[in-house]
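Participant: Structure for the following, please:
(chains A and B)
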Amino acid sequence: MVVLKLENISKRLGDFAINNINLQVDRGQYFVILGPSGTGKTVLLEIIAGFHRPDQGRVYLYDKEITRLPPEARKMGFVYQDYMLFPHMTVKDNILFGARKCFPMSQAMDKIKRLVDILGIGHLLDRFPLTLSGGEQQRVALARVLIIEPTILLLDEPLSSLDPNSKEALQIELKRIHEQFETTILHITHDFNEATNLATHVGVMINGTLAQTGTAGEVFNRPNSLEVASFLGIENIIPGQYADGAFKCSEQLVFPVPPVNGQDFSYIYFSAKDVRLGGQPGSGSGFQGVVTGISFQKDYVSITVDIGQPIKVKLSHREFNDSPLACGSNIHVHIPASSLGFI
Amino acid sequence: MKNKGGLYNSIVNGAFRLGNFLVGILLVILITASVSLIFIRGIPGFQTSLQSAEIIFAIKLSLYTSLISTFLCILTAIPVAYYLARVKSRFAFVINTVLDIPLALPPIVSGVALLLLFGTTEFGRHLASMGLQFVFTVKGIILAQYFVNVPYMVKVIYTAFSSVSTRMEFVARSLGYNQLETFIKITLPLARHGIMAAVIITWAKALGEFGAALMLAGATRLKTETLPLSLFLNMSTGELNLAMAAAAILIVISVASLLVFEALGSRVTILDRGKDGVW
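Facilitator: Got it, this is the predicted structure:
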């Protein structure tokens, strides 16, 4: 069932502009919109919640048009990055704020009991928000919207102001909330890890437009444009073109792959972690290359290999230590056919 | 420029700091000497003056007019300030600019303007026939205080409303509260320190209002005689004891309200800092 649908939404607001956004979120999805900062993601979320009226386009909630419906009639849960708890009310009054409008008091009290148990904030009820840690504040903010049983939960960079430990704990919490309450969630972030960890569906927003949407697997493994591929951090994107049943990047660099539909692609891409070094050629493309650079990162070793074109290869520290690689080494490079993509 | 070495620069720096400090001291001496003189001269006759019918009348009239005008200021400044804090339109800009006019005018000019509007036009005569007679009446004092102070109050409350995040209001609205309910439950309580500060400073300014009230309401003994007008009348007739008493009362009220205003102001800035502040 479609919960939320956006049709050709455009809005210009100060420095932000979003153009012609089309989006559909189905019941039970955990939809993450991923995009660099300053691309208008928050404005999009605020349009959905009704805080701004779009210049063009329509918003539907359960097949009903709500473009002009005021926010208080939409019953959406909105959580900001900086929590926006009401500083002049206790945690309890914050959580009950929306519930008072939706349920009789006795029912609200039952709900708050259950929620604070699940979120582990029972001991905080009489405190004031500014005395809480970031993680605690975010849990309270979640409780405050979950209690009204929102039609959809809108999360605006909910983890960005948290330290790494709280961030991880809250990711787990969000996953649990999504399963336990069967809430439909629309979450925006610039952080890949959040998207890969939480999303069932992903949209990539670049320069105010939704460049690609789909299941998490589709978007992460098969970006469909140069912008999305480079935003997703795919290290190797090489220009070239189809000729005689192969993808030619240069005279020396030819990928012997079967033609894909369409064929008028102008780039081939593959992820650095998919490249294999050494060993015997299997199915896919094999090249001879020279190691031209080695850079040690916290979680991996990044190696630059020249195969007529410098490409990036990622190895784990252990893999690197077990190999005889050094700058200037001649090496066989193997790129599995399944990891190749075309734009 | 040639560098003349450490000792020379140390001397220049020291002299510069000392100079700034000495100018500050001079200002402090000038202010405290003149203000405290009023108390020194006023104290001997203070008690009898406070019992004189004239001073008692002036105190009562000042309290009465300033409280009413401050109340009217609150009623009008809150909606206007909230409008200006939330709407960024050309019309809002026009309102803002027009509000600056009475702030920039000398109060006595504002008084003349009011006198012309309410004393010489059909509009003024019409109001007078309905019982709203402002020229040379107590109502005129209230109107003068209101006219001079309301723009200032709008500015202070505007700052208080601007410091309340619109996103906080958005959250309240998405939780089911309409704009008016959100304003009452969220915006007003969060702006309360700023509003209280505005009320106190407006009231103190209304108590001291002289120029505009003098023009519109005149200076009639025991009729439109507020504290500042009493000071003026008694100075001109040489009743120095009464004049000093009126001045001393005005000083005490002004200084006290200034201190309260500053204290509330510092609370407002603590809140602006958000998380670091203690609510």
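
Participant: so where do the strands sit in the stretch 51-200 of chain A?
Facilitator: Assigned by DSSP state E, counting those that start in this stretch, the stretch 51-200 of chain A shows strands spanning A:56-61, A:64-65, A:77-79, A:153-156, A:185-189.

Participant: Same list (these) but as CSV, adding distance to chain B and mean pLDDT.
Facilitator: C-betas here are computed from N, CA, C, even on glycine. As requested, the strands of the stretch 51-200 of chain A are arranged in CSV below (distance: least, C-beta to the nearest C-beta, whole Å; pLDDT from 0 to 100):
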stretch, distance to chain B, mean pLDDT
strand A:56-61, 13, 96
strand A:64-65, 17, 96
strand A:77-79, 5, 96
strand A:153-156, 8, 96
strand A:185-189, 13, 96
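
Participant: Can you list the buried residues in the strand or helix carrying B:A81?
Facilitator: Per DSSP states H and E: B:A81 is located in helix B:53-86. For helix B:53-86, the neighbour count (16 or more other C-beta atoms under 10 Å in any protein chain shown) marks B:54-55, B:57-59, B:61-62, B:65-66, B:68-70, B:72-74, B:77-78, B:80-86 as buried.

Participant: which other helices and strands contact that helix?
Facilitator: Here helix B:53-86 touches helix B:90-104, helix B:138-162, helix B:192-208, helix B:227-236, helix B:240-272, going by 3 or more C-beta pairs under 8 Å, 6 or more residues apart in numbering or on different chains; DSSP states H and E.

Participant: A:L146: which of the strands of the stretch 51-200 of chain A is closest?
Facilitator: strand A:77-79 (6.6 Å; C-beta to C-beta).

Participant: So what are the sheet partners of that closest one and their directions?
Facilitator: strand A:153-156 (parallel) (DSSP bridges).

Participant: For the partner strand, what is the distance to the chain centroid?
Facilitator: 13 Å (C-alpha atoms, centre = their mean, to the nearest Å).

Participant: Residues contacting it, please?
Facilitator: A:41-42, A:45, A:48-49, A:76-81, A:145-146, A:174, A:177, A:183-188 (C-beta atoms under 8 Å, 6 or more residues apart in numbering or on different chains).

Participant: in the stretch 151-300 of chain A, what spans have low per-residue confidence?
Facilitator: In the predicted model, the stretch 151-300 of chain A carries pLDDT under 70 at residues A:262-263, A:279-284.

Participant: Tell me where it has helices.
Facilitator: Secondary structure of the stretch 151-300 of chain A, counting by DSSP state H, counting those that start in this stretch: helices at A:164-180, A:192-198, A:216-221, A:226-231.

Participant: now those as TSV including mean neighbour count and distance to B:K139?
Facilitator: Converted to TSV, the helices of the stretch 151-300 of chain A look like this (neighbours: other C-beta atoms under 10 Å in any protein chain shown; distance: least, C-beta to C-beta, whole Å):
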stretch	mean neighbour count	distance to B:K139
helix A:164-180	15	62
helix A:192-198	18	65
helix A:216-221	17	71
helix A:226-231	18	68
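
Participant: so which of those gets nearest B:Q179?
Facilitator: Here helix A:164-180 is closest among the helices of the stretch 151-300 of chain A (C-beta to C-beta), at 29.7 Å.

Participant: out of the strands of the stretch 51-200 of chain A, nearest to B:P102?
Facilitator: Of these, nearest to B:P102 by C-beta to C-beta is strand A:77-79, at 41.0 Å.

Participant: Which of the residues in the closest one are classified as buried?
Facilitator: A:77-79.

Participant: Relative to the whole chain's centre, how far out is that strand?
Facilitator: Centroid displacement of strand A:77-79 relative to its chain, using C-alpha atoms, centre = their mean, is 18 Å.

Participant: Contacts for it, please.
Facilitator: So strand A:77-79 is in contact with A:45, A:49, A:138, A:141-142, A:145-146, A:148, A:150, A:152-156, A:158, B:170-171, B:174, going by C-beta under 8 Å, 6+ apart.

Participant: redo that, cut-off 7 Å
Facilitator: The list of residues contacting strand A:77-79 from outside it, by C-beta atoms under 7 Å, 6 or more residues apart in numbering or on different chains, reads A:49, A:141-142, A:145-146, A:148, A:150, A:153-156, A:158, B:170-171, B:174.

Participant: buried subset of the residues you listed?
Facilitator: A:49, A:141-142, A:145-146, A:148, A:150, A:153-156, A:158, B:170-171, B:174.

Participant: which residues does the spatially most central residue of chain A contact?
Facilitator: For chain A, the residue lying nearest the average C-alpha position, counting by C-alpha atoms, centre = their mean, turns out to be A:A195 (3.3 Å). Shown in contact with A:A195 (C-beta under 7 Å, 6+ apart): A:32, A:34, A:189, A:202.

Participant: my read: the second one touches A:V202, true?
Facilitator: Going back to what we said before, that points to A:L34. Yes. Using C-beta atoms under 7 Å, A:L34 is in contact with A:V202, at 6.0 Å.

Participant: Give me the more crowded residue out of these two.
Facilitator: A:L34 (28 against 24; other C-beta atoms under 10 Å in any protein chain shown).

Participant: Show me which residues of chain A are close to chain B?
Facilitator: A:46, A:49, A:51, A:70-72, A:74, A:76, A:78, A:80, A:84, A:86-88, A:97-98, A:101-102, A:128, A:130, A:148 (C-beta under 7 Å from any C-beta of the partner chain).
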